[in-house]
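Colleague: Quick one, fold the following:
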Amino acid sequence: MVSARLKQLLATTVLSFMAGPVLAVGHLQVEQPWVRTAPPGAAMLAGYAVLRNDGDAPLVVRSVSSPDFRAVSLHESVSVDGVAQMRTLDSLVIAPGGTLLLAPTGKHLMLMQPVRELASGATVTVHFILKDTSPVDVDFSLREDAPAR
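Modeller: Coordinates of the predicted model:
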């Protein structure tokens, strides 16, 4: 005869297998999104923000896009032999509970070929395309200077 305790243990074990594994996910939070204004007719602008992963797994930003620009890419400013250079990044990885800063002279969004005239105070939408989750849409405001942190 099976004891009540053993029946309870077996039932709990079976139910946990039926429920499936608990999936760890990253969750993107975008704070202080802004784009530096540029002179009229400028072909490129740069976007900045604070990216936070408040999930329990690494978060991978695979790419970015925007209906307000013909091309958007992830970039990083680096110094090579004392010369400032920009290079394209394939992705951004944010650790669980981590923060990644998109800032002047560091990692940033390169926003190329605007489809309309953009002035200070305007808003543009950026789609963050994530690995394993839905895209995250964020409105970036055009400003002359970084927001106060």
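
Colleague: remind me, longest strand of this structure?
Modeller: strand 69-80 (DSSP state E).

Colleague: who does that one pair up with?
Modeller: strand 83-88 (antiparallel), strand 107-114 (antiparallel) (DSSP bridges).

Colleague: Give me the pLDDT for residue 104.
Modeller: Per-residue pLDDT puts residue 104 at 91.

Colleague: Surely it touches residue 46?
Modeller: Yes: the pair residue 104 / residue 46 is scored as a contact, 7.2 Å apart, by Cβ atoms under 8 Å. (C-beta placed from N, C-alpha, C; glycine too.)

Colleague: what do these two both touch?
Modeller: Counting by Cβ atoms under 8 Å, 6 or more residues apart in numbering, the residues touching both residue 104 and residue 46 are residue 36.

Colleague: more crowded one of the two?
Modeller: Taking neighbours as other Cβ atoms under 10 Å, residue 104 and residue 46 compare with residue 46 leading, 18 against 10.

Colleague: what's the more buried one sitting at in phi/psi?
Modeller: phi -120, psi 140 (degrees, to the nearest 10).

Colleague: Distance of it relative to residue 124?
Modeller: Here residue 46 is placed at a distance of 12 Å from residue 124 (Cβ to Cβ, to the nearest Å).

Colleague: shared neighbours of these two, anything?
Modeller: 35, 111.

Colleague: Check which helix or strand residue 52 maps to.
Modeller: strand 44-53 (DSSP states H and E).

Colleague: now that strand, how far from the centre of its chain.
Modeller: 8 Å (Cα atoms, centre = their mean, to the nearest Å).

Colleague: Who are the packing partners of that strand?
Modeller: strand 28-36, strand 92-94, strand 99-102, strand 107-114, strand 136-143 (3 or more Cβ pairs under 8 Å, 6 or more residues apart in numbering; DSSP states H and E).

Colleague: now the fourth one against strand 44-53, angle please.
Modeller: For strand 107-114 against strand 44-53, the angle by axes from the mean of the first three to the mean of the last three Cα atoms, to 10 degrees is 140 degrees.
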